[in-house]
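Enquirer: Task: produce atomic coordinates for the following.
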Amino acid sequence: MEETRESQLESVEIPAAVPSFYANGIGLVASIYDMTLVFKLGSPRNIPRRDAPPVMEEQPVCVVRISLEQAKILGAIVVDAVRNYEERFEVRIAVDPERQELMEKVYGG
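Expert: Modelled structure (predicted):
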């Protein structure tokens, strides 16, 4: 029986000593040699008035440095995983309108 990529990922054992992080924001810096991903946790700092949007505060929770080759592969894997999720559950994950141009470029419309 051929093992699928999903089943391969499900069988990965992560030792308890490996830290786990949650992030809802990301920053990125690229150089000619590698890429640095800064994962961030954003939360509302305060709400000045009821009709005003909350002021968001972002704190870095994890920094990952990877080669550009691995960054390219990671990007393809993530795009493929999100596409599969949206198809499987028949949903479209909403994104910030400011990122819409990038989304159209990556997803082709």
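Enquirer: Report the next helix or strand after the helix or strand of the chain with the lowest mean pLDDT in sequence order.
Expert: Lowest by mean pLDDT, DSSP states H and E among the helices and strands of the chain is helix 5-10, with a mean of 51. The helix or strand immediately downstream of helix 5-10 is strand 25-30, counting by DSSP states H and E.
Enquirer: Direction included, what does that next one pair against?
Expert: Applying DSSP bridges to the sheet, strand 25-30 is found paired with strand 34-46 (antiparallel).
Enquirer: Name the residues of the strand it pairs with that are buried.
Expert: If you call a residue buried by 16 or more other C-beta atoms under 10 Å, then strand 34-46 has these buried ones: 35, 37-40. C-beta coordinates here come from the backbone N, C-alpha and C atoms, glycine included.
Enquirer: Name the nearest of these relative to residue 67.
Expert: Distance to residue 67 across the buried residues of strand 34-46 (C-beta to C-beta) is lowest for residue 35, with 7.6 Å.
Enquirer: show me the contacts for the residue nearest to the spatial centre of the chain.
Expert: Centroid-nearest residue in the chain, with C-alpha atoms, centre = their mean: residue 26, separated by 6.9 Å. Residue 26 makes contact with 37-40, according to C-beta atoms under 8 Å, 6 or more residues apart in numbering.
Enquirer: Need these in CSV (columns: distance to residue 52 and pLDDT).
Expert: As requested, the contacts of residue 26 are exported to CSV (distance: C-beta to C-beta, whole Å; pLDDT from 0 to 100):
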residue, distance to residue 52, pLDDT
37, 31, 97
38, 27, 98
39, 28, 97
40, 22, 97
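Enquirer: List just the nearest of the residues you listed to residue 101.
Expert: Set against residue 101, the nearest of the contacts of residue 26 by C-beta to C-beta is residue 37 (20.8 Å).
Enquirer: Look up how far residue 15 lies from the closest one.
Expert: Distance of residue 37 to residue 15, given as C-beta to C-beta, to the nearest Å: 22 Å.
Enquirer: same deal with residue 21?
Expert: Distance of residue 21 to residue 15, computed by C-beta to C-beta: 15 Å.
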